[in-house]
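J.: pasting the sequence and the predicted coordinates here, then a few questions.
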Amino acid sequence: MSVKFTLFKKKSPKTQSMQWYAAPKSSYPTADDTTPSESSRVGAISDIETEATLRQVGQYIPHELIKGNTVKVPGLGTFRLSFHSKGVDDIALFDAEKMISGIHVVFLPEKALKNTLATQLNLVNAGVKEGNVTYPSVTDYLRAMNKTAAESTQSGSDRNNPDSIK
């Protein structure tokens with residue numbers, strides 16, 4: 001399976017200079033009716049049972065997270081809550097409502113899932129985004145900027161083909 005990504009510029013927090021970064025590019029989300037049939041294809045349970053189970057897990061996870069629990073889903077991974085917090089010098093001045101923000105769910109995949117992705121994942125460059133313009137490839141971007149791969153400051157193992165990912 002191939003996962004597409006696009007390249008975009010943003011300021012590096014370390015150097016404060018503009019640098020190129022990659023971001024995953026999803027073509028479309030999985031349709032609600034596709035997941036159960038694909039999941040049940042590899043098992044012995046029906047589409048409707050798979051869908052019902054996934055819906056139950058989808059309701060169970062937030063219920064447990066709200067209670068402060070970590071949720072482990074066998075074969076998938078672990079879900080837990082996290083957030084950002086401002087600091088104070090004096091503990092008596094800490095106000096949770098004002099100083100805790102950005103509550104989010106963290107997912108830690110199981111080792112087997114990570115290994116499957118690491119061994120079967122193929123990354124494909126889906127273009128370059130600069131400002132409001134998206135170019136179909138690094139080559140097209142360089143052509144539009146009147147640069148060649150050799151002139152580019154792009155790092156990579158294959159300077160002759162800037163779209164190759166190794």
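T.: Arrived safely, thanks for sending.

J.: endpoint to endpoint, stretch 69-76 covers what distance?
T.: By Cα to Cα, to the nearest Å, the extent of stretch 69-76 from end to end equals 17 Å.

J.: typo on my end, it should be stretch 110-129
T.: Stretch 110-129 stretches 33 Å from its first residue to its last (Cα to Cα).

J.: mean confidence score for it?
T.: Stretch 110-129 shows a mean pLDDT of 91.

J.: so where's this protein uncertain?
T.: Residue ranges of the chain with pLDDT under 70: 1-3, 24, 26-43, 148-166.

J.: quick one: the helices in it, in order.
T.: Assigned by DSSP state H, the chain shows helices spanning 34-41, 47-66, 96-99, 111-120, 138-144.

J.: how about the strands in this protein?
T.: With DSSP state E applied, the chain shows strands at 2-11, 18-25, 71-73, 77-85, 100-109, 122-130, 133-135, listed in chain order.

J.: for the fifth one, give me every contacting residue.
T.: This points to strand 100-109. Residues outside strand 100-109 that contact it (Cβ atoms under 8 Å, 6 or more residues apart in numbering): 65, 76-86, 117. Quick note: C-beta positions are derived from backbone N, CA and C, even for glycine.

J.: quick one on the thing from earlier: let me have the helices of the chain in a markdown table, extended by distance to Leu7 and mean neighbour count.
T.: Output for those, formatted as a markdown table (distance: least, Cβ to Cβ, whole Å; neighbours: other Cβ atoms under 10 Å):
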| stretch | distance to Leu7 | mean neighbour count |
| --- | --- | --- |
| helix 34-41 | 29 | 14 |
| helix 47-66 | 33 | 13 |
| helix 96-99 | 36 | 9 |
| helix 111-120 | 21 | 10 |
| helix 138-144 | 7 | 17 |
